[in-house]
Every structure is written in C-alpha cells, then in structure tokens.
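Student: Next one to model:
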Amino acid sequence: MAERKPFLLRMDRDLLDAVQRWANDDLRSLNAQIEFILRRALAQAGRPVREPAPDESATE
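Tutor: Presented below is the predicted three-dimensional model:
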C-alpha cells in the first residue's frame, strides 16, 4: 500500500458540506471522496497518478 501523508486542507464550508453530501451518497468517507475527486481530475487533465513500483522483496 502506498504511503499516506497527512496534510491540512482549508476550504469554504459550503464546498466542504457539498463534498460531504456527495461522499455520503457514494458511501465513502470524506477523505476517500476528496482523493477520488483529485484522482479523477488528474486523469481527465492527462496527469494520471503513477502507481508505485512493486516492492521486489514482497514477491519472494
């Protein structure tokens, strides 16, 4: 699993509430919904997230 790095995200309360409602509708956590939105936006912009290389020692 990829390393998770915590960070602070400030946003308008109305925007946060809208994303939380969307997350609830999709049965996701707020964090997972934000990650979903960012990954989709990156892919649409032609900047997909590179998957980490598999750890060679994990295959032994």
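Student: how about the helix or strand containing residue 42: buried residues?
Tutor: Under the criterion of DSSP states H and E, residue 42 resides in helix 30-44. By neighbour count with 16 or more other C-beta atoms under 10 Å, helix 30-44 contains the buried residues 33-34. C-betas here are computed from N, CA, C, even on glycine.
Student: Give me the contact list for stretch 41-53.
Tutor: By C-beta atoms under 8 Å, 6 or more residues apart in numbering, the list of residues contacting stretch 41-53 from outside reads 2, 39.
Student: Output stretch 5-18 as CSV, restricted to C-alpha atoms.
Tutor: Output of stretch 5-18 as CSV, limited to C-alpha atoms (Å, rounded to 0.1, in the frame of the first residue of the first chain):
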residue,chain,number,x,y,z
LYS,A,5,0.9,11.6,4.1
PRO,A,6,-1.4,13.8,6.2
PHE,A,7,-1.9,17.4,5.4
LEU,A,8,-4.2,20.3,6.3
LEU,A,9,-6.8,21.3,3.7
ARG,A,10,-8.7,24.6,4.2
MET,A,11,-11.9,25.1,2.2
ASP,A,12,-15.1,27.0,2.2
ARG,A,13,-17.7,25.5,4.5
ASP,A,14,-20.3,25.2,1.7
LEU,A,15,-17.8,23.4,-0.5
LEU,A,16,-16.9,21.0,2.3
ASP,A,17,-20.6,20.3,3.0
ALA,A,18,-21.3,19.6,-0.7
